[in-house]
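Undergrad: Next come a sequence and a model predicted from it.
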Amino acid sequence: MIEVLGLLGVGIAAGIVSTVVSLASVVSYPALLAFGLPPLTANVTNTVALLFTGIGAAAGSRPELRGEGARVLRLGWLTALGGASGAALLLVTPARTFELIMPWLIAGASLVLVRPPSASRLHEHGVMAKLAMYAVAVYVGYFGAAGGILMFAILSAVLDHPVAKVNAVKNVLTGLANAVAALGFAMFGPVDWVAVGPLAAGFLLGGWVGPKIARRLPGQSLRYLAAACGLAVAAKLGYDSYTSP
């Protein structure tokens, strides 16, 4: 019962963190390791449970998502395909290369977030924007820590929307990538289903609460908060990746 309540609490915290500053896995993945799950099992279990953050975030972001249905459908297939590719990579390849590249990607995306909005934006329908979204979705399916920050950075350059609206679209697109990866892991990965239940319930509640917090943050504070958290995560992951044998 203590473990169940602990995982529920971790899920709520991670769900809120996911929808506000895109760092759910930084909270939930280490918690699963602390509960005794092996790294691969913790990763795939976390991904399956994260599916419910996307559901909660979509439900909690209905005001921001109004009028965005066509865009989500247009870009969602691309992120879903990326999520499937990332899940396949996790199951068949060693993680070392991604571990070394990941901190630089997160740091770069975080710096993009603090750049003042520019009149020269990536075009939503352009090849570069779509390739970037697909690459981020691959990363989300593979591991995903701060993957939402990468997607947030790309969408911030593509969409001329208020930050809370960009954040809502980000939550849905990364949620689709995660959902497809979760399906693959459910069929082929070593998922700990006992841990999934309470963690998923927490993710669902936290994902629903998170957008309510995000829409109340003043001005560009959400962008700067996400950037600061992203740089901190990049530094931590970089230290771990480059100092481990």
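TA: All right, it came through fine.

Undergrad: Please enumerate the helices of this structure.
TA: 2-21, 24-34, 39-60, 62-65, 69-92, 96-114, 127-142, 147-158, 163-188, 193-214, 221-243 (DSSP state H).

Undergrad: For this protein, which residue occupies the most central location?
TA: Gly148 (3.8 Å; Cα atoms, centre = their mean).

Undergrad: ok, and the closest non-adjacent residue to it?
TA: Closest residue to Gly148 apart from its sequence neighbours, by Cβ to Cβ, 6 or more residues apart in numbering: Ser22 at 2.7 Å. Glycine gets a C-beta too; all of them are placed from N, C-alpha and C.

Undergrad: How many residues are close by that neighbour?
TA: Using other Cβ atoms under 10 Å, Ser22 has 30 other residues around it.

Undergrad: one step back: mean pLDDT for the helices of the chain - can I get that in CSV?
TA: Below are those laid out as CSV (pLDDT from 0 to 100):
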stretch, mean pLDDT
helix 2-21, 83
helix 24-34, 80
helix 39-60, 86
helix 62-65, 90
helix 69-92, 91
helix 96-114, 73
helix 127-142, 89
helix 147-158, 84
helix 163-188, 91
helix 193-214, 89
helix 221-243, 79
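
Undergrad: for the ones you listed, which one ends up most surrounded?
TA: For those, average neighbour numbers computed from mean count of other Cβ atoms under 10 Å are highest in helix 147-158, which has a mean of 27.

Undergrad: tell me how far that helix is from the chain's mean position?
TA: The chain centroid and the centroid of helix 147-158 are separated by 10 Å under Cα atoms, centre = their mean, to the nearest Å.

Undergrad: Pretty sure Gly175 is one of the things the residue nearest to the centre of the chain touches, is it not?
TA: No. Contact criterion Cβ atoms under 8 Å: Gly148 and Gly175 do not qualify, at 9.4 Å.

Undergrad: Next one: the residue nearest to the centre of the chain from Ala14, what distance?
TA: 12 Å (Cβ to Cβ, to the nearest Å).

Undergrad: Which residues are in contact with each of the two?
TA: The contact sets of Gly148 and Ala14 overlap at Ala24 (Cβ atoms under 8 Å, 6 or more residues apart in numbering).

Undergrad: which ones are touching Ala232?
TA: For Ala232, no contacting residues are found, by Cβ under 8 Å, 6+ apart.

Undergrad: Look up how far Leu75 lies from it.
TA: Distance from Ala232 to Leu75, by Cβ to Cβ: 28 Å.

Undergrad: ok, now Gly82?
TA: 11 Å.

Undergrad: Between the two, which contacts overlap?
TA: With Cβ under 8 Å, 6+ apart as the test, Gly82 and Leu75 both reach Met133.

Undergrad: ok, Phe52 to Ala59 distance?
TA: According to Cβ to Cβ, Phe52 and Ala59 sit 11 Å apart.

Undergrad: And for Val127?
TA: 33 Å.

Undergrad: and if you look at Ala70?
TA: For Ala70, the distance to Ala59 - Cβ to Cβ - is 20 Å.

Undergrad: ok, now Val209?
TA: Applying Cβ to Cβ to Val209 and Ala59 gives a distance of 11 Å.

Undergrad: residue contacts, Leu176?
TA: So Leu176 contacts 54, 76, 79-80, 83 (Cβ under 8 Å, 6+ apart).

Undergrad: for these, which one is nearest Leu7?
TA: Gly54 (18.3 Å; Cβ to Cβ).

Undergrad: Quick check: closest non-adjacent residue to that closest one.
TA: Going by Cβ to Cβ, 6+ apart, Gly54 has Gly175 as its nearest residue, at 2.4 Å.

Undergrad: Likewise for Gly11?
TA: Counting by Cβ to Cβ, 6+ apart, Gly11 lies nearest to Gly202, which is 1.9 Å off, once chain neighbours are set aside.
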